[in-house]
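Novice: quick one: sequence and predicted model below, then my questions.
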Amino acid sequence: ETGVTQTPRHLVMGMTNKKSLKCEQHLGHNAMYWYKQSAKKPLELMFVYSLEERVENNSVPSRFSPECPNSSHLFLHLHTLQPEDSALYLCASSQIITDTQYFGPGTRLTVL
Amino acid sequence: EDQVTQSPEALRLQEGESSSLNCSYTVSGLRGLFWYRQDPGKGPEFLFTLYSAGEEKEKERLKATLTKKESFLHITAPKPEDSATYLCAVHSLTGGGNKLTFGTGTQLKVEL
């Protein structure tokens, strides 16, 4: 595997389910990010981790819970989501938090 | 607050018909301007980083330029495979070192 990978690529869940999105970067970077991309809207930054410490939480609802166990892996735990949370969730990484970010392919989430 | 505006929202070109995409930005202190290409259902793919006014970068049929207020992505003799959404983003001093502010993108369609 190279670059930034994300699993699953597609996810359909009910409002009462609990699921997790996984991101892995193979670039040796120290910073990782979660973004939300909705139709006709700019990418929205959700969370930033630098050296496994969360450095930014952009007023994201508590039903989204990030976890960064090491510098290569990032998770987004989901519970009791709303239909408006349906979107493309993108993971990115960079060498340091001011550097160019490289994105994964995204997880297309549908909340029924 | 940082602002990024991209125009046009959508652009349809004939193969070989050169054109330019615009990214206007308002920031207090630009640390970097980034161009990405995004294909449907995929994550953004990094194209260029520009750091100071007057800087230019080229890659195949694409050339990015930067002034103090805007950036242009020039596409010379485009081919159908250049069809994608092109995203512009800025890093700024006001936004901290850990946040990219994205525009909504220009959706480019190149026809035979």
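Specialist: Received, thanks.
Novice: pick out the residue of chain B closest to chain A.
Specialist: Residue nearest to chain A within chain B: B:Gly43 (3.6 Å; Cβ to the nearest Cβ). (Glycine included, C-beta is placed from N, CA and C.)
Novice: does that residue touch A:Gly104 like I think?
Specialist: Yes - with contact defined as Cβ atoms under 8 Å, B:Gly43 reaches A:Gly104; the gap is 5.2 Å.
Novice: so these two - more neighbours on which side?
Specialist: Shown here are B:Gly43 and A:Gly104; by other Cβ atoms under 10 Å in any protein chain shown, A:Gly104 has more neighbours (26 against 23).
Novice: what about the more buried one, distance to chain B?
Specialist: 5 Å (Cβ to the nearest Cβ, to the nearest Å).
Novice: contact partners for that residue?
Specialist: A:Gly3, A:Val4, A:Thr5, A:Gln6, A:Cys23, A:Gln25, A:Leu90, A:Cys91, A:Ala92, B:Gly43 (Cβ atoms under 8 Å, 6 or more residues apart in numbering or on different chains).
Novice: one more pass at 7 Å, please.
Specialist: The neighbourhood of A:Gly104, defined by Cβ atoms under 7 Å, 6 or more residues apart in numbering or on different chains, consists of A:Val4, A:Thr5, A:Gln6, A:Cys23, A:Leu90, A:Cys91, A:Ala92, B:Gly43.
Novice: and for B:Gly43 and A:Gly104, which residues touch both?
Specialist: Residues touching both B:Gly43 and A:Gly104 (Cβ under 7 Å, 6+ apart) are A:Leu90.
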